[in-house]
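[1] I'll drop the sequence and a predicted model, then ask my questions.
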Amino acid sequence: MKTNSGNFFEDFRLGQTLHHATPRTLTEGDRALYTALYGSRFALQSGDAFAKHLGFHKSPVDDLLVFHTVFGKSVPDISLNAVANLGYAEGRFMKPVYPGETLTAISEVIGLKENSNGETGTVYVRSTGRNQDGETVLEYCRWVMVRKRDPQAPTETLVPQLADCVEASDLHVAPHTDYATLFNTELSGSAHRWDDYEPGETIDHVDGMTVEEAEHMLATRLYQNTAKVHFNQFTESKGRFGKRLIYGGHVISIARALSFNGLANAVSIAAINAGRHVAPLFSGDTVFAWSEVLDKAEIPHRRDVGALRLRLVATKNLPCDAFPDKDDKGVYPENVILDFDYWALLPRKL
Amino acid sequence: MKTNSGNFFEDFRLGQTLHHATPRTLTEGDRALYTALYGSRFALQSGDAFAKHLGFHKSPVDDLLVFHTVFGKSVPDISLNAVANLGYAEGRFMKPVYPGETLTAISEVIGLKENSNGETGTVYVRSTGRNQDGETVLEYCRWVMVRKRDPQAPTETLVPQLADCVEASDLHVAPHTDYATLFNTELSGSAHRWDDYEPGETIDHVDGMTVEEAEHMLATRLYQNTAKVHFNQFTESKGRFGKRLIYGGHVISIARALSFNGLANAVSIAAINAGRHVAPLFSGDTVFAWSEVLDKAEIPHRRDVGALRLRLVATKNLPCDAFPDKDDKGVYPENVILDFDYWALLPRKL
Amino acid sequence: MKTNSGNFFEDFRLGQTLHHATPRTLTEGDRALYTALYGSRFALQSGDAFAKHLGFHKSPVDDLLVFHTVFGKSVPDISLNAVANLGYAEGRFMKPVYPGETLTAISEVIGLKENSNGETGTVYVRSTGRNQDGETVLEYCRWVMVRKRDPQAPTETLVPQLADCVEASDLHVAPHTDYATLFNTELSGSAHRWDDYEPGETIDHVDGMTVEEAEHMLATRLYQNTAKVHFNQFTESKGRFGKRLIYGGHVISIARALSFNGLANAVSIAAINAGRHVAPLFSGDTVFAWSEVLDKAEIPHRRDVGALRLRLVATKNLPCDAFPDKDDKGVYPENVILDFDYWALLPRKL
């Protein structure tokens, strides 16, 4: 067979390294498309002059564009036969990616666990994105439920221990700058610095964004993500939902762009601690979001910049002024679609 | 409150300067998106080789992309609580913007007038867009009707005197070139130069362009314009129209792109004299346009290039072969959506 | 008349050369949009580092983006009054086009034949795309059925002899490289090289892609293609199909992107031998594709790279696992929309 039918659960081996196809140069074109798709307004990624003033080479591409690109590369090898994208952990952004840089990706299989029905199993991988110089720009773990081809096929079992949260001391921060002094909060859109946020604080991001089929397909193709459920209405019309599913990463990017309203100075995502796609999103739905400050941390040896651990919750067709959340049993309200836990970097006060 | 709820009418002060957020580097990516959104074919903005031959550094980005970018920056501070975008005046494009340049914007409050109902008032601002070197690339006045938070709040009153039309002698024209000699009308798509147009002449631009939700939202996000009515179907479905409103600037860009068919050599917009969004446009509507030559003017000390004062009228779902126009009382036919008055630059005959 | 009403059949003259308007610089922005529109994953066009390793300056833009750009330029002069796009022949890609290069196009009228009804006729042209240095990057013949303005107008007649297939010895291949050694099949997504394909082999490309109005209009405007039937729902709602027709080239690009799954190493299109748009595609339809290897050819003096002559068949709303094809009488099943014959270049085995 010359076509790729993807790996099934029994095809994965513990310790296996998968080299993903199609190197991808991210350019000014991707940056413009990312802006058009999400309306992101974080100053560091929007203005070269702003980024240079902060000591960056120029505006880096959005952290989530890097994430989606690496994720997209892994789909043909990891999740073409996936039933569900279950979670993320230990994600770290190691280096800014600038327009013109070429990304490649590999994934290592770090865990396997067959489900009791014998029809599916969970595959845990650690994916690594590298630039053209072989430097790691991003690594993260994800686990997905993947179909078995043959229910009788033998499989290995190992459930990896993954950290609940990346340590603040492990966050990568651009070294040669002084955020406190050089960060222009008039240009960035908010006077609120790291010092102004406290654990337990919740922020309703107010605005809503309706999603169209053309938009999520443009985005998902931009990431060269080939998961079938996003593109093929002919098949999906006969499927579980009767319509195309929107790539979960599209939801993360929409919610992150909405979070500008309240978190304008959270200009970089330094780590992804956890993430769950609680429910599917479809074309025509309107996404809202709210955030909770879970924690705040100093960065070792830095007085200019701090980290906030944020929980970004997105809903569909439900404004977030009441902060819809899971109950004591961990059950989410019907309209919650995303629960995403990450570290963001913000300038500190002088 | 860490989220921006926008300024209400009583928050504005005469003479106040608002520094708008999020510097924006316009790139080749924005240029490509602009082409994909409107199909614009003006040669100066399309071909680097053509632009260089005319003495430009390379192809500048479309004048209206500059306008929309500056406009978008002003929305969170000026018109987040606007009821209507009422008009434009004294718009001047001062310098070409090339891919790679970073724009910032400020607005000065030049007028205020509360409406008699006490619920709204008109805010007049002069917005200025600057490049990374602090040079002004665009300035224009606009006035919007903005809600009051508190009907009892005291307000200032001043209605500014704004020119009906920018003087031809105030138009900025690229200095070091000879349009008459160097402008290749075979490549530009029309043999008709400045000399061939006469005041009173009307041109039906023939073609129609249907607009989809995904397109106007991509455009409006590209401009980082956050006005809520363009994006949130959940809220708008309960609103006045039951659907998302299309950003008025999107209509201007569609009509301008359509006007290539008849005005192919009107390659630059030098000034915006006036503009009125007569009626709203919605997804599924088809835009048509016609132009009237209001005036023609020589540029001081220049024999190679001249200015046409043009009125660009756009309709929805109504071809323009009958030149639909306002009546003696200034009332427009139902399907007219835009009346836009601008100065364009065209090469003169040798 | 200052607007372009296009040429009618009787306006064309044998040997006439038409210089098409609007030079177009293709950039990183166009490359990103092409990826977003089709999800193309061919490594040579996706990764600069991959392309440089192969001896290219950087990643060239997709061959079909070059084709669509040249095609688009020819529309206002050749096919504005076309009833149908009938065929292609003798297409050759002569030089890679890199982001930053400016294309212009001319067409020569090489054949004319009036239809017996006197209302239409077939116009044969050879179109040539050139870069900013005047070098030919692409040439191809196409023929279209064009309306007559006046059924009584006299016309010329000549049906040109066009080759069924471009000779393999006429294919342009990048000279200074060694595909066999330098082509990284781990990064390209497939281990299958030229040697692994045999004439008669058929490949179902499996995946389906549903098309939305916004997508095909964005694409067709990106190519500055002004054919009215793609954009104007107001007029088309009263027309033959009641809806907008999708540009045939959009179908070619979708099918080509789908063909990555099975032909990942067919990284360049070297020639277009023939092409027929068998049936129209509309928004909401899902495109599938399959390929047949028609022939394979060595490239003179090259042991590192070979050519496959491929037939790319696309369908709408019909998976291609049964390889739907024309019958003995040349009649296609209802759902077949494209039959496209081209030469692709692939690395050979060491």
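    Everything's here; your move. Quick caveat, the model's predicted, so the values are computed rather than measured.
[2] what about the residue in the stretch 151-300 of chain A that chain B sits nearest to, how many neighbours?
    Residue nearest to chain B within the stretch 151-300 of chain A (Cβ to the nearest Cβ): A:G189, separated by 3.1 Å. Quick note: C-beta positions are derived from backbone N, CA and C, even for glycine. Neighbourhood size, A:G189 [other Cβ atoms under 10 Å in any protein chain shown]: 22.
[3] my read: it touches A:A43, true?
    Yes - using Cβ atoms under 8 Å, A:G189 is in contact with A:A43, at 6.9 Å.
[4] Now do the shared contacts for those two.
    Residues touching both A:G189 and A:A43 (Cβ atoms under 8 Å, 6 or more residues apart in numbering or on different chains): A:264, B:21-22.
[5] Any of those buried? List them.
    Neighbour-count burial (16 or more other Cβ atoms under 10 Å in any protein chain shown) applied to the shared contacts of A:G189 and A:A43 gives A:264, B:21-22.
[6] what's near enough to touch the closest residue in space to the residue of the stretch 151-300 of chain A closest to chain B that isn't next to it in sequence?
    In space, and not counting its chain neighbours, A:G189 is closest to B:A21: 3.1 Å by Cβ to Cβ, 6 or more residues apart in numbering or on different chains. Contacts for B:A21 (Cβ under 8 Å, 6+ apart) come out as A:41, A:43, A:186-190, A:264, B:73, B:76-77.
[7] Among those residues, which are located in helices?
    Secondary structure from DSSP state H places A:43, A:186-188, B:73, B:76-77 of these in helices.
[8] In ChimeraX, select just the buried ones from those residues.
    Of the ones in helices among the contacts of B:A21, the buried ones go into a single ChimeraX selection, burial set by 16+ other Cβ under 10 Å:
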select /A:43,187,188 /B:73,76,77
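[9] Taking the ones in helices among the contacts of B:A21, tell me the two that lie furthest apart.
    Pairwise distances across the ones in helices among the contacts of B:A21 (Cβ to Cβ) peak at 15.2 Å, for the pair A:A43 and B:D77.
[10] contacting residues for the residue of chain A most remote from its centre?
    Centroid-distance maximum for chain A: A:Q152 at 34.7 Å, with Cα atoms, centre = their mean. Going by Cβ under 8 Å, 6+ apart, A:Q152 touches A:G118.
[11] Could you look up the SS state of it?
    The local conformation at A:Q152, judged by DSSP: H, G, I helix; E, B strand; the rest coil, is coil.
[12] what pLDDT does it get?
    We have a pLDDT of 95 for A:Q152.
[13] With chain C as the reference, measure out to it.
    Noted for A:Q152: a distance of 26 Å to chain C, by Cβ to the nearest Cβ, to the nearest Å.
[14] Enumerate the positions of stretch A:74-94 that are buried.
    A:74-82, A:85-94.
[15] Sort out for me which of the residues you listed are in strands.
    Mapping these onto strands (DSSP state E) picks out A:82, A:85-93.
[16] What is the nearest of those to C:T136?
    A:F93 (45.1 Å).
[17] Which residues does that closest one form beta bridges with?
    A:F93 forms beta bridges with A:L138, as assigned by DSSP bridges.
[18] For the stretch 151-300 of chain A, what lies in contact range of chain C?
    By Cβ under 8 Å from any Cβ of the partner chain, the part of the stretch 151-300 of chain A that sits against chain C consists of A:212-215, A:217-222, A:224-226, A:228, A:231-235, A:244.
[19] Residues of the stretch 101-250 of chain A that sit close to chain B?
    Selection of the stretch 101-250 of chain A residues close to chain B by Cβ under 8 Å from any Cβ yields A:186-190, A:192, A:196, A:203-210, A:212-215, A:218.
[20] Give me the buried subset of those.
    A:187-190, A:192, A:203-210, A:212-215, A:218.
[21] Enumerate every residue touching the nearest residue to A:G39 once chain neighbours are set aside.
    Spatially, and ignoring its direct neighbours in sequence, A:G39 is nearest to B:R221 (3.3 Å; Cβ to Cβ, 6+ apart). Applying Cβ under 8 Å, 6+ apart, we find B:R221 in contact with A:35-39, B:231.
[22] What is the three-state secondary structure of B:R221?
    helix.
[23] for A:R126, same thing?
    Judged by three-state DSSP, the three-state class of A:R126 is strand.
[24] Now do the same for the closest residue to A:T286 other than its chain neighbours: its pLDDT.
    Spatial nearest neighbour of A:T286, excluding adjacent residues (Cβ to Cβ, 6+ apart): B:F234 at 3.6 Å. Here the pLDDT value assigned to B:F234 is 98.
[25] so B:F234 sits in a strand?
    No - with three-state DSSP as the criterion, B:F234 is assigned helix and is not in a strand.
[26] how many other residues sit next to it?
    B:F234 has 19 neighbouring residues, counting by other Cβ under 10 Å.
[27] which ones are touching it?
    Residues counted as contacts of B:F234 (Cβ under 8 Å, 6+ apart) are A:208, A:210, A:286, A:288, A:317, A:319.
[28] Mind doing that once more with 7 Å?
    A:208, A:210, A:286, A:317 (Cβ atoms under 7 Å, 6 or more residues apart in numbering or on different chains).
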